[in-house]
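> one predicted model, sequence on top.
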Amino acid sequence: MSDKVFISELTAFATIGAYDWEHTIKQRLVFDIEMAWDFQRAVAEDNVEYCLDYAQVSQKILDFVENTPFKLVETVAHKVADLLQQEYAIQWLRIQLHKPKAVAQAASVGVIVERGRC
Ligand SMILES: Nc1nc2c(c(=O)[nH]1)N=C([C@H](O)[C@@H](O)CO)CN2
């Protein structure tokens, strides 16, 4: 199966950082996510009920990330991957998580987490 749903540049304002001062502010986290999903039934019935609903997935991530304090971007990426695999029957997913202003000289920094098989 090679059908995928993606969410690009999903932006959350989160309490995130390894240092104490970072827990007094909100910082931007940006997610690029790809998720394997078999489109067969959704296409056959042309019905969103059988889709992996990108709007619902986006809201679930934002609700979680914007209401939970984290130290590391690694923790955010792992917990979001866990959340998605618990909530949806996703066989494979890839999350690229950016913390855009964390290194002044870099366009962006962050982590990539991949789960399952495509
Ligand atoms: N691999 C990581 N390195 C760093 C992280 C992180 O979450 N993962 N975080 C920081 C600080 O929070 C930084 O973003 C702010 O100075 C440093 N390195």
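Sure thing, it's come through.
> and the contacts of the helix ranked longest in the chain?
Within the chain, and with DSSP state H defining each element, the longest helix by residue count is helix 73-87. With CB atoms under 8 Å, 6 or more residues apart in numbering as the test, helix 73-87 has contacts from 14, 16, 29, 31, 35, 57, 60-61, 64-65, 68, 70, 90, 93, 95, 97, 99, 110-113, 115-116. No exception for glycine: its C-beta is placed from N, CA and C like everyone else's.
> do the helix or strand just after that helix and the ligand meet at all?
Per DSSP states H and E, the first helix or strand lying C-terminal to helix 73-87 is strand 92-98. No. Shown here: strand 92-98 not in contact with the ligand (CB under 6 Å from any ligand atom), separated by at least 9.4 Å.
> the next helix or strand after strand 92-98: which residues count as buried?
On the C-terminal side of strand 92-98, the nearest following helix or strand under DSSP H and E is strand 110-116. Neighbour-count burial for strand 110-116 flags 110-111, 113, 115 (criterion: 16 or more other CB atoms under 10 Å).
> strand 110-116 versus strand 92-98: what angle between them?
Here strand 110-116 runs at an angle of 170 degrees relative to strand 92-98 (axes from the mean of the first three to the mean of the last three CA atoms, to 10 degrees).
> many thanks, have a good one.
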